[in-house]
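In: Below are the sequence and a predicted model; questions follow.
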Amino acid sequence: MHNPPAHRFSTARSCVAGVFLCAAAVAHAGPLLRCEVTYAGATQVIEFSPVTDAYEVKPVDITGRFLFKVVISAPRGKLDHVLIYTYLHQEPRPLLLQQAKYFRPFKAGTRPYLLTGEQHIYGDPIERQLIYRCWLRGVKP
């Protein structure tokens, strides 16, 4: 499995795959989840950090076909859980295709490790395919 070097992480929310110099790229001290999301041969690199209100998290639009949402909870700086939601983007409302839940304990350390494995999600009448995998880093012991 591909494991990206630790130096490629930043606090930027979304970058084009292979481009790691994004606006607001600064060092990040807390947990960070970096996901590579691929649809129709195009890969987006999206990074997520802990939030205080899960209901305020907006999903990331993946080319108008899918929505990808990550909620990371780390009360008092200690990582509690990671929730990943994948939706089919349709009217009148999105259709939930997958909800993945990851709970403590997490491997502590600054080096990233593959949390999710490679996920293949299918949706739509013609079974469009979304592929993602996410690395976690910056977990405090």
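Out: Arrived safely, thanks for sending.
In: excluding its backbone neighbours, what's nearest the residue positioned nearest the centre of the chain?
Out: Compute the mean C-alpha point of the chain, and by C-alpha atoms, centre = their mean the closest residue is Cys35, 4.0 Å away. Nearest residue to Cys35, sequence neighbours excluded (C-beta to C-beta, 6 or more residues apart in numbering): Cys134, at 4.1 Å. For the C-beta atoms, the positions are set from N, CA and C on the backbone; glycine is no exception.
In: That neighbour in helix, strand or coil?
Out: Following DSSP: H, G, I helix; E, B strand; the rest coil, we place Cys134 in the strand state.
In: I'd say it and Gly117 touch.
Out: No. In this structure, Cys134 is not within contact of Gly117 by C-beta atoms under 8 Å, at 9.1 Å.
In: all strands for this structure, in order.
Out: In the chain, the segments counted as strands under DSSP state E are 14-16, 32-39, 42-48, 60-62, 66-73, 81-88, 95-103, 113-114, 119-123, 128-137.
In: Strand partners (parallel or antiparallel) of the second one?
Out: Using DSSP bridges, strand 32-39 pairs in its sheet with strand 42-48 (antiparallel), strand 128-137 (antiparallel).
In: With just CA atoms, put the first one into PDB.
Out: The C-alpha coordinates for strand 42-48 follow below in PDB (Å, rounded to 0.1, in the frame of the first residue of the first chain):
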ATOM      1  CA  ALA A  42      -9.300  12.500 -11.000                       C
ATOM      2  CA  THR A  43      -7.900  12.500  -7.500                       C
ATOM      3  CA  GLN A  44      -8.500  15.200  -4.900                       C
ATOM      4  CA  VAL A  45      -6.400  15.300  -1.700                       C
ATOM      5  CA  ILE A  46      -8.600  16.600   1.200                       C
ATOM      6  CA  GLU A  47      -7.400  17.200   4.700                       C
ATOM      7  CA  PHE A  48      -9.600  17.300   7.800                       C
END
